[in-house]
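Asker: sequence and predicted structure below; questions after.
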Amino acid sequence: MMYDTLIRNALVIDGSNAPGYAADVAILDGRIVRIGDLHEARAREDIDAAGRVLAPGFIDVHTHDDTVVIRQPQMLPKLSQGVTTVIVGNCGISASPVSLKGDPPDPMNLLGGAAAFVYPTFSDYRAAVEAANTTLNVAALVGHTALRSNHLDDLFRSATPEEISAMREQLRESLEAGALGLSTGLAYASAFSASTDEVMQLTEELTAFGAVYTTHLRSEFEPVLEAMDEAFQIGRHAQSPVIISHLKCAGAGNWGRSPQLLASLEEAAKTHPVGCDCYPYAASSSTLDLKQVTDAHRITITWSTTYPELGGRDLMDIAAEWNVSLLDAARRLQPAGAVYYGMDEADVRRILAHPLSMVGSDGLPEDPFPHPRLWGAFPRVLGHFSRDVGLFPLHTAVHKMTGLSAARFGLKERGEIREGHWADLVLFDPLTIRDVADFNDPQRAAEGIDGVWVNGVLSYSAGQATGKREGRFLARQGNLRAGFQPLQNSL
Ligand code: ZN
Ligand code: CU
């Protein structure tokens, strides 16, 4: 038997949250076909992986890569971290189905300008991803704010019954075409006015498909528990799994409350399929939100349409130079993006370590001075948090970015190293893997990643993209509720 690729003597961490074991892994026709002692086997590509960890390719469950996967299909910021699948369409914003009337409303502008929005239906988007031959696998949510922008002339109110039925129809069509579910971004002004009832009515479309509800909560500040309750209420109404996006305690007045948030999540998990994602940093990033302007912690500007040269500067310094208040400076910079140093490290660690949390980068690929999570989130969990800080064993870190994520989003035959599964794989050095991107120099590839295979094809090696692009569009498969275990079993 001649295999395509043999990876020999690796420490296989299979994604199931079990400790690693030594084995050889054989790849043929895009799949993992054998795992074990294969010393007599031969392959066209033979790799000695002694001292290295072989893990399932990482699944970035929280991205805003909707349009960049098409316009820059190499996807180096993610590929270089070992990511093989991205889930797009988070936080209520998606590239499809969208028919803009002018410029994209905030925060849809995180995905690009008006020219980036050319997918009036989900099927158009899916076809564009397939035609782009992207490096990574792509699965997609539909954004609530995107639907609102199609049907509401004014985003600062709740939708009328007619508008809700028009949105429902587009959502249903998208689910039929393979969307994973619905995402909301209720904290953003463009969706904040939507009533709970508006969202509940939309999520009724999810029920029949077994699709998921993901949400950037209505608040991550003091009313965060109430916002979580709203999310669970919506999920129960729709009988749909709920994923809370980038769970955090935002704002200095809110620090230290992560045990309360996690208790609420655990309580909900006893009777309903729920989970969350998070990124491994104590700073957040999005568009510059006037409601979040404060002198209680540092805020840096990442981009500004009016003052592009100020990307990377502190809002405090800009305000001092202009001799105006922080709020006035923020107003003048609009539209703009920012990094908010508004979390407490202990909360970040507690949420990251919790068995119900997955890793998602929330990276912003359009940002000229992006939060370093875009290039560093996954190696940071493996290197900094697992190896250096000892927050959890390496196999648990891997599980949070592979097996758990694939189960939650129903990505069949991915997320674990098993015979018959797709060969989405990453080979890395557990002693040297490290995020290099930081807040001062955020666009740098991680160290310690030796190779990344997507659907069996070596796509990243020796610090370079190989130019092979074998990613696929992953349509929703089956009822996503099946991927949630009762909490007793997962804890
Ligand atoms: Zn968000
Ligand atoms: Cu997001």
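Answerer: Yep, it's here. Numbering: from 1, shown residues only. Ligands and ions are numbered 1, 2, ... in the order given.

Asker: checking whichever residue of the stretch 1-150 of the chain sits closest to ligand 2 next. Helix, strand or coil?
Answerer: Relative to ligand 2, the nearest point of the stretch 1-150 of the chain is Cys91 (3.7 Å; C-beta to the ion). Using the backbone N, CA and C atoms, a C-beta is placed for each residue, glycine as well. Of the three states, Cys91 takes coil under DSSP: H, G, I helix; E, B strand; the rest coil.

Asker: mind checking pLDDT for it?
Answerer: Predicted confidence (pLDDT) for Cys91: 98.

Asker: how many residues are close by it?
Answerer: 29 (other C-beta atoms under 10 Å).

Asker: let me see the contact set for it.
Answerer: Residues counted as contacts of Cys91 (C-beta atoms under 8 Å, 6 or more residues apart in numbering) are His64, Pro107, Gly143, Ser183, Thr184, Gly185, Tyr188, His216, Ser245.

Asker: same thing with Glu226?
Answerer: So, once contact is read as C-beta under 8 Å, 6+ apart, Glu226 ends up touching Arg218, Ser219.

Asker: ok, it to ligand 2 distance?
Answerer: Remark: distance between Glu226 and ligand 2 (C-beta to the ion, to the nearest Å) = 21 Å.

Asker: so that residue belongs to a helix, correct?
Answerer: Yes. According to three-state DSSP, Glu226 belongs to a helix.

Asker: so how far is Gly253 from it?
Answerer: Using C-beta to C-beta, to the nearest Å, Glu226 is found at 15 Å from Gly253.

Asker: hey, which helix or strand in the protein has the poorest pLDDT?
Answerer: Lowest by mean pLDDT, DSSP states H and E among the helices and strands of the chain is helix 487-490, with a mean of 54.

Asker: just read off the phi/psi values of the residue lying closest to Phe122 once chain neighbours are set aside.
Answerer: Of all residues not flanking Phe122 in the chain, Ser174 sits nearest, at 3.6 Å (C-beta to C-beta, 6 or more residues apart in numbering). Backbone geometry at Ser174, expressed as degrees, to the nearest 10, gives phi -70, psi -40.

Asker: Three-state assignment for the spatially most central residue of the chain, please.
Answerer: Closest residue to the average C-alpha location of the chain: His62 at 1.2 Å, with C-alpha atoms, centre = their mean. Three-state call for His62 (three-state DSSP): coil.

Asker: ok, the nearest residue to it once chain neighbours are set aside - contacts?
Answerer: Nearest non-adjacent residue to His62, counting by C-beta to C-beta, 6+ apart: Gly360, 2.7 Å away. Residues near Gly360 by C-beta under 8 Å, 6+ apart: Asp60, Val61, His62, Thr63, Ile87, Asn90, Ser245, His246, Asp277, Cys278, Tyr279, Ala377.

Asker: does the residue nearest to the centre of the chain touch Asp362 like I think?
Answerer: Yes. Using C-beta atoms under 8 Å, His62 is in contact with Asp362, at 5.0 Å.

Asker: who touches both of these two?
Answerer: Counting by C-beta under 8 Å, 6+ apart, the residues touching both His62 and Asp362 are Asn90, Ser245, His246, Tyr279.

Asker: check the third one and give its pLDDT.
Answerer: Confidence at His246, expressed as pLDDT, is 98.

Asker: that one: which element?
Answerer: Counting by DSSP states H and E, no helix or strand carries His246.

Asker: from Leu38, how far off is it?
Answerer: 41 Å.

Asker: higher neighbour count, those two?
Answerer: His246 (22 against 18).

Asker: and the pLDDT for Met1?
Answerer: Looking at Met1, its pLDDT reads 82.

Asker: wait, it sits on Ala41?
Answerer: Yes. The pair Met1 / Ala41 is scored as a contact, 6.4 Å apart, by C-beta under 8 Å.

Asker: look at those two and report which has more neighbours.
Answerer: Ala41 (16 against 11).

Asker: circling back to that earlier point, may I have the residues that are in contact with the residue nearest to the centre of the chain?
Answerer: So His62 contacts Ile87, Asn90, Ser245, His246, Asp277, Tyr279, Gly360, Ser361, Asp362 (C-beta under 8 Å, 6+ apart).

Asker: the last one: neighbouring residues, count only.
Answerer: Put plainly, it is Asp362. With other C-beta under 10 Å as criterion, Asp362 counts 25.

Asker: contact residues of the stretch 151-300 of the chain facing ligand 2?
Answerer: Within the stretch 151-300 of the chain, not a single residue sits near ligand 2 (C-beta under 5 Å from the ion).

Asker: just the strands in the stretch 151-300 of the chain please.
Answerer: 181-185, 212-216, 242-244, 274-278, 284-287, 299-304 (DSSP state E, counting those that start in this stretch).

Asker: do the stretch 1-150 of the chain as well
Answerer: Under DSSP E, counting those that start in this stretch, the stretch 1-150 of the chain gives strands at 2-12, 21-28, 31-36, 42-48, 53-56, 58-60, 83-88, 137-140, 142-143.

Asker: packing partners for the fifth one?
Answerer: By that I understand strand 53-56. strand 2-12, helix 394-399, strand 425-428 (3 or more C-beta pairs under 8 Å, 6 or more residues apart in numbering; DSSP states H and E).

Asker: mind listing the helices for the stretch 51-200 of the chain?
Answerer: 68-71, 76-79, 122-131, 144-151, 161-176, 189-192, 196-207 (DSSP state H, counting those that start in this stretch).

Asker: and stretch 336-345, what's buried?
Answerer: Ala336, Gly337, Ala338, Val339, Tyr340, Gly342, Met343, Asp344 (16 or more other C-beta atoms under 10 Å).

Asker: out of these, who's nearest ligand 2?
Answerer: Gly337 (12.5 Å).

Asker: what's the neighbour count on Lys248?
Answerer: Residues near Lys248, counting by other C-beta under 10 Å: 27.

Asker: may I have the phi/psi pair for it?
Answerer: In terms of degrees, to the nearest 10, the main-chain angles of Lys248 are phi -160, psi 170.

Asker: switch to numbering from 9
Answerer: Happy to do that; since the first residue is 9 now, the last one works out to Lys256.

Asker: give the contact list for it.
Answerer: By C-beta under 8 Å, 6+ apart, the contact list for Lys256 reads Glu228, Cys286, Ser292, Met351, Asp355, Val356, Ile359.

Asker: before we move on, back to that, what pLDDT does the residue nearest to the centre of the chain get?
Answerer: pLDDT recorded at His70 is 98.

Asker: show me which of the contacts of Lys256 is closest to Arg339.
Answerer: Proximity of the contacts of Lys256 to Arg339 (C-beta to C-beta) peaks at Ser292, which lies at 20.3 Å.

Asker: for this protein, what lies in contact range of ligand 1?
Answerer: Counting by C-beta under 5 Å from the ion, the chain sits next to ligand 1 at Cys99, His224.
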